[in-house]
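S.K.: got a predicted structure plus its sequence, pasted below:
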Amino acid sequence: MEELLFHKEYEEFYNMANRSSVFRQYCEDAFGRDFSQDGFSDIRQINRIFDYIPQVDNLHILDVGCGNGKMIKYIQSKTNAHIYGFDYSANAIHEAKIDSERADFQVGCMGEVEYSAETFDMVISMDSIYFAEDMGLFVAQIFRWLKPGGIFFVGYQEGDVMEKTENCETTFLAQAFRKGKIRYQVLDITEETYAMLKRKRESAMKYKRAFESEGMEKWYAMLVGQTDCVKGSLEGYKQGNARYLYIAKK
Ligand SMILES: C[S@@+](CC[C@H](N)C(=O)[O-])C[C@H]1O[C@@H](n2cnc3c(N)ncnc32)[C@H](O)[C@@H]1O
């Protein structure tokens, strides 16, 4: 586990996120709700998930790279689903397990964690699929875990971990879907993400003093640095960045 990309950094990140009240306030401000986000998923994006949840009794939903579980617990609060999540950060999963009900959280790595075939009505992956060693194989595995008619909902950013490609049909993920003959639709939310990142930048700056008073200068610098890409115009941002929501159906 130690050698995996960013593993040490994520352990530190969730150690901070689990303890810092300033970070919680910042997330509420920047994203409209605190899910200990490391990335791009604001409440508007997460609320879109509800439009695609299969209308069945006894829902089972998995969050891949679930962090400390706040996002999937929010989905549970609105759907009463049985929830599952895994993440390679032990700090994150320790927190996720606290106050969880009808929930199955585990420490584990993409490509190694296994579930029985046809377990889930929905699988979500917000800014985590890029960390799979082989995205195509991982997508195929997720489709084995989904029940027939199940939905895979993905928040996918280019210009961060993944390089920008031409458009929503040329991303690694779109290619993996087509290779696997998987039906999908995609929403391009690049423009609203530019606005969201501006908000994220302003929120970080607003809490500068508070971050400093918690001894969190390092995290403040990271949050501001993550939003340098919106210092320029929307057009400039769009040349190097894009954000898509993919909704694929089994
Ligand atoms: C960018 S963060 C996104 C977290 C959360 N889904 C969100 O939207 O805020 C990526 C997450 O994937 C986890 N992760 C990264 N690589 C992983 C891997 N190989 N196996 C399992 N989890 C991984 C990290 O610990 C982190 O929680």
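M.R.: Happy to help now that I have it.
S.K.: pretty sure Cys60 sits against Gly85.
M.R.: Residue 60: His, not Cys. No: counting by C-beta atoms under 8 Å, His60 does not reach Gly85; the two are 11.9 Å apart. (C-beta placed from N, C-alpha, C; glycine too.)
S.K.: okay, these two: which has more neighbours?
M.R.: Gly85 (27 against 22; other C-beta atoms under 10 Å).
S.K.: can you show me the strands along this protein?
M.R.: Shown for the chain, the strands assigned by DSSP state E span residues 60-64, 82-87, 103-107, 120-126, 146-158, 183-188, 242-249.
S.K.: centre-most residue in this structure?
M.R.: Nearest to the mean C-alpha position of the chain, by C-alpha atoms, centre = their mean, lies Met126 at 2.3 Å.
S.K.: leaving out sequence neighbours, find the closest residue to that residue.
M.R.: Gly155 (4.0 Å; C-beta to C-beta, 6 or more residues apart in numbering).
S.K.: isn't that neighbour right up against Phe40?
M.R.: Yes: using C-beta under 8 Å, Gly155 makes contact with Phe40 at a distance of 6.6 Å.
S.K.: overlap in contacts of those two?
M.R.: Counting by C-beta atoms under 8 Å, 6 or more residues apart in numbering, the common neighbours of Gly155 and Phe40 are Met126, Asp127, Arg243.
S.K.: can I get those in TSV with pLDDT and distance to the ligand?
M.R.: Shown next, in TSV, are the shared contacts of Gly155 and Phe40 (pLDDT from 0 to 100; distance: C-beta to the nearest ligand atom, whole Å):
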residue	pLDDT	distance to the ligand
Met126	98	3
Asp127	97	4
Arg243	98	12
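S.K.: give me the distance from stretch 198-217 to the chain's centre.
M.R.: With C-alpha atoms, centre = their mean, to the nearest Å as the basis, stretch 198-217 stands 22 Å off its chain's centre.
S.K.: return it as CSV; C-alpha atoms alone will do.
M.R.: Taking C-alpha atoms only, stretch 198-217 is exported to CSV below (Å, rounded to 0.1, in the frame of the first residue of the first chain):
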residue,chain,number,x,y,z
LYS,A,198,-13.5,30.4,-8.2
ARG,A,199,-15.7,30.0,-5.2
LYS,A,200,-13.3,27.4,-3.8
ARG,A,201,-10.4,29.9,-4.2
GLU,A,202,-12.4,32.7,-2.5
SER,A,203,-13.4,30.4,0.4
ALA,A,204,-9.9,29.3,1.0
MET,A,205,-8.6,32.9,1.1
LYS,A,206,-11.5,33.9,3.3
TYR,A,207,-10.3,31.3,5.9
LYS,A,208,-6.6,32.1,5.6
ARG,A,209,-6.3,33.4,9.1
ALA,A,210,-8.4,30.6,10.5
PHE,A,211,-6.2,28.0,8.7
GLU,A,212,-3.1,29.7,10.1
SER,A,213,-4.5,29.7,13.7
GLU,A,214,-5.0,25.9,13.4
GLY,A,215,-1.4,25.6,12.2
MET,A,216,-2.6,24.5,8.7
GLU,A,217,-0.6,26.9,6.5
